[in-house]
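Trainee: Below are the sequence and a predicted model; questions follow.
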Amino acid sequence: TFAENTTRVCVSSCWNQDLADNSSNRCVKTCPKYPSYYAYFEGNICVSQCPLTFFSYEADRTCVKKCPTTNLYRQNDTRKCVSSCNYTLNEYADKLTGFCVLRCSVDTWSDPTTKTCVSKCPDQPLMYADNTTQQCVPVCPAPFYGENSTRSCVDKCPTNSLSLEVKHLCVRYCPSGYFA
């Protein structure tokens, strides 16, 4: 039971958009910061950890299904909204899904320089989209070649270029010491 603040009556659940706080057995407007609790509005209760389909949003100490701003990502291992993903776990920020992911969504690649999922790999430093790993790579793995105009790994260079096998690149002209 909880002490309802306005009427000073013991109730089994709080009303008037109040939240049940198990740490103090009171109905409260905001959950306590110490110990750390989050407002779970679907249950009108303060919780120490948000339910499985929810993520804790530190700014207003609530449980949310989707992080409220575009620069926050849902991190599955901590169940929190975070501004940057866990790079030691090789997580990338996927703006399409709003999640921290180990593998980017279809038609996006993990950029190791920005730690985000990108629709086109960067040209500074020059990287190529590797469809086998869904990552931006500095050198395409065999048997693929880096194609500069699309910044992607291709199995065959375009007709207006040549395959430089030693560097796995598509080139317009053979460099010195190589012949077509």
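Mentor: In hand now; what should we look at?

Trainee: Tell me where the protein is predicted with low confidence.
Mentor: Across the chain, the stretches falling below the confidence threshold (pLDDT under 70) are 1-7, 70.

Trainee: now with 80?
Mentor: For the chain, applying pLDDT under 80 flags the ranges 1-8, 16, 35, 69-71, 180.

Trainee: any idea which residue sits dead centre in it?
Mentor: With the centre of the chain defined as its mean C-alpha position, the nearest residue by CA atoms, centre = their mean is C100, 2.4 Å away.

Trainee: which residues touch it?
Mentor: Under the criterion of CB atoms under 8 Å, 6 or more residues apart in numbering, the contact partners of C100 comprise 73-76, 82, 85-86, 91-94. Every residue, glycine included, has its C-beta placed from N, CA and C.

Trainee: ok, it to C117 distance?
Mentor: Distance check for C100 against C117: by CB to CB, to the nearest Å, it reads 10 Å.

Trainee: so what's in contact with those two at the same time?
Mentor: Looking at what touches both C100 and C117 (by CB under 8 Å, 6+ apart), the common residues are 92-94.

Trainee: Distance to T159, neighbour count and secondary structure added to the residues you listed, as TSV?
Mentor: Formatted as TSV, the shared contacts of C100 and C117 follow (distance: CB to CB, whole Å; neighbours: other CB atoms under 10 Å; DSSP: H, G, I helix; E, B strand; the rest coil):
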residue	distance to T159	neighbour count	secondary structure
Y92	34	26	strand
A93	37	24	strand
D94	35	20	strand
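
Trainee: Going by distance to T53, which of those residues wins?
Mentor: For the shared contacts of C100 and C117, the closest approach to T53 (CB to CB) belongs to D94, at 18.0 Å.

Trainee: And the residue nearest to the centre of the chain, how close does it get to T108?
Mentor: Using CB to CB, which is the criterion applied here, C100 is 14 Å from T108.

Trainee: tell me, what's touching those two both at once?
Mentor: Among the neighbours of C100, those also in contact with T108 (CB under 8 Å, 6+ apart) are D94.

Trainee: just checking, what packs against the helix or strand hosting S110?
Mentor: With elements taken from DSSP states H and E, the one containing S110 is strand 109-111. Using 3 or more CB pairs under 8 Å, 6 or more residues apart in numbering; DSSP states H and E as the contact test, the elements touching strand 109-111 are strand 116-118, strand 135-137.

Trainee: Run the chain-centre distance for that strand.
Mentor: 12 Å (CA atoms, centre = their mean, to the nearest Å).

Trainee: Could you list the residues in contact with it?
Mentor: Residues external to strand 109-111 that are found in contact with it (CB under 8 Å, 6+ apart): 92, 103-104, 116-118, 121-122, 127, 129-130, 134-136.
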